[in-house]
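Enquirer: predicted coordinates and the sequence they were generated for:
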Amino acid sequence: MEIEFTHHLGNFIMVLFLGLPAFALGALGQALFLHHFAPGTRILQILSIIFSSRIIALLFTFLLYSLLFSQLEMLIGKVLIPALLAEILVSPALLLLKGYDIGKLFSNNHH
């Protein structure tokens, strides 16, 4: 039991370290989106969205790594594939759940 916990803890730390570039880019992308497309959003709300997204993305990355990628090549250059997938799914999903219109990213009329 202790060996299994240590194994999972080691994997979690590895996912955190290798996923850091993807998590940082996801946080930056969310911050830029909220700054540009929702200028009236309070800073505490922006920080809570970014923080909660990173926690969910980290847990989702660990789950993806544990279930799907543990036996596969999981890096593209220096980017962890499960972290990239988690950011692609979690960042927009949380913005949608919070009521932000992410369709503005793809429209010509940004305001």
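Expert: That came through, no problem.

Enquirer: give me the residues contacting the helix or strand of the chain with the lowest mean pLDDT.
Expert: Least confident helix or strand, the chain: strand 75-76 with a mean of 76, by mean pLDDT, DSSP states H and E. Under the contact criterion C-beta atoms under 8 Å, 6 or more residues apart in numbering, strand 75-76 has outside partners Leu18, Ile81, Leu84. (C-beta placed from N, C-alpha, C; glycine too.)

Enquirer: equivalent analysis for stretch 46-57, please.
Expert: Taking C-beta under 8 Å, 6+ apart as the rule, stretch 46-57 contacts 19, 22-23, 26-27, 30-31, 34-35, 83, 86-87, 90-91, 94-95, 98.

Enquirer: now with 10 Å?
Expert: Here stretch 46-57 makes contact (C-beta atoms under 10 Å, 6 or more residues apart in numbering) with 19, 22-24, 26-31, 33-35, 38, 41-42, 82-95, 97-98, 100.

Enquirer: same question for that stretch, mean pLDDT?
Expert: Stretch 46-57 comes out with an average pLDDT of 95.

Enquirer: not including adjacent chain positions, what is the nearest residue to the residue nearest to the spatial centre of the chain?
Expert: With distances taken as C-alpha atoms, centre = their mean, the residue of the chain nearest its centroid is Glu87 (3.3 Å). Counting by C-beta to C-beta, 6 or more residues apart in numbering, Glu87 lies nearest to Gly26, which is 3.8 Å off, once chain neighbours are set aside.

Enquirer: just checking, that neighbour touches Ala83?
Expert: Yes: with contact defined as C-beta atoms under 10 Å, Gly26 reaches Ala83; the gap is 8.5 Å.

Enquirer: what is in contact with these two at once?
Expert: Counting by C-beta under 10 Å, 6+ apart, the contacts common to Gly26 and Ala83 are Gly19, Ala57.

Enquirer: ok, those two, which is more surrounded?
Expert: Ala83 (28 against 23; other C-beta atoms under 10 Å).

Enquirer: right, and the more buried one touches Leu59 too?
Expert: No: the criterion here is C-beta under 10 Å, and Ala83 misses it with Leu59 at 11.3 Å.
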